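Participant: A predicted structure for the sequence below; I have some questions about it.
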Amino acid sequence: MDAKVSVSPTSFIDQIVVPGDVVLDLSNMTNQTIKLGSGLRQDNEAITAMRAGKLSYSKPNKYWVESSHKRYVPRPEDHVLGIVVDSKADNFWIDIKGPQIALLPVLAFEGGTRRNIPKFEVGTLVYVRVVKTNIGMNPDVSCTDASGKAAEFGRLKDGFMFETSTGLSRMLLSSPTCPVLEALGKKLSFEIAIGLNGRVWVNAAAPRTVIIVSNAIMNSESLSGTQQRIMVEKLLAKISD
Amino acid sequence: MEGRLANMWRLTVNESKFVETALQSELRIDGRGLYDYRKLTIKFGKEYGSSEVQLGQTHVMGFVTAQLVQPYKDRPNEGSLSIFTEFSPMADPSFEPGRPGESAVELGRIIDRGLRESRAVDTESLCVLAGKMVWSVRIDLHILDNGGNLVDAANIAALAALMTFRRPDCTVGGENGQEVTIHSLEEREPLPLIIHHLPIAFTFGFFNKGNIVVIDPTYVEEAVMCGRMTVTVNANGDICAIQKPGEEGVNHSVILHCLRLASSRAAATTKIIREEVEAYNREKSLQKVKRHPTLAKSEVSGPVVTVKEGHKKFSDQDKDTEMSVEHVERLKLSSDELRSSKEQEAAKFKGSPSNWDPYTEAMDVDSLKVSLASRGDSVTKSPSKKKKMNSSEDDTVEEVMEDLGDKDTTVEVITKHNDGEKTLKDAVKPK
């Protein structure tokens, strides 16, 4: 009990936490209004970690646990890459790497009516937005943004899709641009779609470029920013000669 | 139904199309050339006969065990070699727990064929007693992660495990030459298996109606390819087995091309395996130098066992010879003495020594001291006792044995019931 009280709030930030760690104590904090992200819960005065990962903090008062998984738990407003599993009268069944199949209503496209329902064969890759994740129901996804525009969502043609961890996909989406993408983008031109569920789609004019980019991204999983740049430079030097 | 759908891995149209278009320009999705092998790493466990092979993402563990069994009727002087595969659902969501699937059976069969029909492992040297007792070697292959090309990885795991396996030495003895004694690892150096050559499996994937051939396909490539062929060759270029599943027909010139490729690669893979095994053996032999065998213990307990044996044997016999009665009376006394001291010691400890835990039950220091003292006492006493006994004991036992010589059948029955002696049941691991 004493150990828990003596923990200072700053000590856990950017540290690895495991489930059960008391990461914050509200009783000795001046500003008691904080926002909790994923992997944290409140028990009266104590904020406990529920997942293993790095405790992150962003000003002024946001806390969350940054972790990496091979499995994805859907959350509203996440942009994910899904695979069409089956098409029914009202919905497409989409696999988004979650515990359940997601449903994509056939009308959830820009200007979607009963007349212009798209035909997706099984195995089609779609870029979708998670709309609803109610407990006990299949998550709902949509191919439009909140205002009903297509906004890059929809079917992804050609290119190559590979699966990584959710941590890597979040790293790729972070701003400022992730070093590996920045370094690759200086020399090569390619198109990329990153889903928060750990799926990444890459397309380029030449298959060679696609392979280089996808392998560079897969290799950058456990590298730091500078290591990523060095790795990409080495890779590009190797292919240029 | 829906839960199953959510947990399945599936291939997208984009992937399969891309894999094929990239292969047309001789590119593979992991940046390899068409005939490049993935990185192979072999690791060994602490025990003899365990290996862990990593081929890119694929991860396979091999484990070899042996037990004494009765040989097959048609091959009375040959040991047996059997392969069992275990596909963990952790390796791939498509693997179901329980009964082995089609792929598990096929994998086992390919490896089995490569190893057995090429006679890579010398089975005749596994014979202990012709028609009665042979070693049965069992290879267990556990698939830990499926990254494609399980056959090659599992085959290498099986070979590496077989090469590092050591079976306990055993001797045939007894009056009628039918008794088998198994020596523990401390007593005698365990023996390696005799392996004549290493049959190495190479898997080829065919794309575009058999026009494009790749070696060592990955998981994604396996899902896309139209045909597959596994060739098992050894470093000398002998073809041990060929397996060609799938419906797509392959031209015979392509098959010959694959065979040439496989035999050119076999030497390199053999070298990797041999080097790893040698490094492991070197490490093991270095460890052995430090090991202190528990010789003292076995010496002390040795005579006690024989005494008991003689005594028991005799008590079941008619007491017809006065001389041996005299001897045995004396032996009985000495053995009783030893046994009673042991019993005292045992009584002081609560529970069996294997799960004895000093922390769960508080133990008073005095009783510990006493028990330690008594143990020390018995250790110091026993050598002198043994010396005293040894001269008389050795010939008494022999005499008893001679007496029993004409009643072979009863002796055999008794020895089976004798708990002090090592029987074959001790050697056989309980399943």
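Facilitator: The structure has been received and is ready for your questions. Numbers count the residues shown, from 1 in each chain, chains lettered A, B, ... in the order given.

Participant: so residue B:275 belongs to a strand, correct?
Facilitator: No. Assigned with DSSP: H, G, I helix; E, B strand; the rest coil, residue B:275 falls outside any strand and is helix.

Participant: tell me, how many residues neighbour it?
Facilitator: With neighbours defined by other CB atoms under 10 Å in any protein chain shown, the count for residue B:275 comes to 11. Placement of C-beta: from N, CA and C, glycine included.

Participant: what pLDDT does it get?
Facilitator: pLDDT, the model's per-residue confidence, is 93 for residue B:275.

Participant: roughly how far does it sit from chain A?
Facilitator: Here residue B:275 is placed at a distance of 27 Å from chain A (CB to the nearest CB, to the nearest Å).

Participant: what's near enough to touch that residue?
Facilitator: Residues counted as contacts of residue B:275 (CB atoms under 8 Å, 6 or more residues apart in numbering or on different chains): none.

Participant: near chain A, which residues of chain B are found?
Facilitator: Taking CB under 8 Å from any CB of the partner chain as the criterion, chain B approaches chain A at residues B:2-3, B:5-6, B:8, B:10-18, B:21-22, B:25, B:27-31.

Participant: spatially central, which residue of chain A would that be?
Facilitator: Compute the mean C-alpha point of chain A, and by CA atoms, centre = their mean the closest residue is residue A:196, 1.9 Å away.

Participant: thought that one was touching residue A:170?
Facilitator: Yes. Shown here, residue A:196 and residue A:170 form a contact pair, counting by CB atoms under 8 Å, at 6.6 Å.

Participant: which of the residues of chain B next to chain A are buried, as a PyMOL select command?
Facilitator: Per 16 or more other CB atoms under 10 Å in any protein chain shown, the buried members of the residues of chain B next to chain A correspond to this PyMOL selection:
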select buried, chain B and resi 6+11+12+13+14+15+16+17+18+22+27+28+29+30+31
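
Participant: can you tell me the SS state at the residue nearest to the centre of chain A?
Facilitator: coil.

Participant: let me know the pLDDT of it.
Facilitator: Residue A:196 is assigned a pLDDT of 93 by the prediction.

Participant: what's the answer for the one 4 residues further on, then?
Facilitator: The model reports residue A:200 with a pLDDT of 94.

Participant: quickly note the distance from the closest residue to it other than its chain neighbours to residue B:160.
Facilitator: Take residue A:200 and drop its neighbours on the chain: the residue closest to it by CB to CB, 6 or more residues apart in numbering or on different chains is residue A:194, 5.3 Å away. Distance of residue A:194 to residue B:160, computed by CB to CB, to the nearest Å: 40 Å.

Participant: so which of the two has more stuff around it?
Facilitator: Neighbours were tallied for residue A:194 and for residue B:160 using other CB under 10 Å; the higher tally belongs to residue B:160 (28 against 24).

Participant: ok, the closest residue to that one other than its chain neighbours - contacts?
Facilitator: In space, and not counting its chain neighbours, residue B:160 is closest to residue B:51: 3.8 Å by CB to CB, 6+ apart. For residue B:51, the contacting residues are B:42, B:43, B:44, B:45, B:61, B:62, B:63, B:157, B:160, B:161, B:164, taking CB under 8 Å, 6+ apart as the criterion.

Participant: for the stretch 1-150 of chain B, what spans make up the strands?
Facilitator: Ranges of strands within the stretch 1-150 of chain B are B:40-44, B:50-55, B:58-69, B:80-87, B:127-129, B:133-145, based on DSSP state E, counting those that start in this stretch.

Participant: just name the most buried of the ones you listed.
Facilitator: Sort those by mean neighbour count, taking mean count of other CB atoms under 10 Å in any protein chain shown, and strand B:50-55 sits at the top with a mean of 23.

Participant: tell me the mean pLDDT for that one?
Facilitator: 94.

Participant: note down every partner strand of that strand and its orientation.
Facilitator: Each strand paired with strand B:50-55, and its direction, by DSSP bridges: strand B:40-44 (antiparallel), strand B:58-69 (antiparallel).

Participant: export the ones you listed to JSON lines and tack on mean pLDDT?
Facilitator: Putting the strands paired with strand B:50-55 into JSON lines (pLDDT from 0 to 100) gives the following:
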{"stretch": "strand B:40-44", "mean pLDDT": "93"}
{"stretch": "strand B:58-69", "mean pLDDT": "93"}
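
Participant: for residue A:237, which of the ones you listed is the nearest?
Facilitator: In this view, these are compared for proximity to residue A:237 by CB to CB, and strand B:40-44 is the closest at 26.5 Å.

Participant: what does the closest one contact?
Facilitator: Where contact means CB under 8 Å, 6+ apart, the residues beyond strand B:40-44 that reach it are B:50-55, B:156, B:160, B:164, B:269, B:272-273, B:276, B:280.

Participant: how about stretch B:94-103?
Facilitator: Counting by CB under 8 Å, 6+ apart, the neighbours of stretch B:94-103 from elsewhere in the structure are B:8, B:9, B:85, B:87, B:88, B:89, B:104, B:108, B:143, B:146, B:150.

Participant: now these in TSV, with pLDDT?
Facilitator: Listed next are the contacts of stretch B:94-103 as TSV, based on pLDDT from 0 to 100:
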residue	pLDDT
B:8	75
B:9	80
B:85	91
B:87	89
B:88	86
B:89	84
B:104	89
B:108	91
B:143	93
B:146	91
B:150	93
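
Participant: close to chain B: what parts of chain A are there?
Facilitator: Of all the residues in chain A, those lying near chain B are A:83, A:85-86, A:93, A:95, A:98-101, A:121, A:123-125, A:138, A:156-162, A:201, A:207-208, A:210-212, A:214-215, going by CB under 8 Å from any CB.
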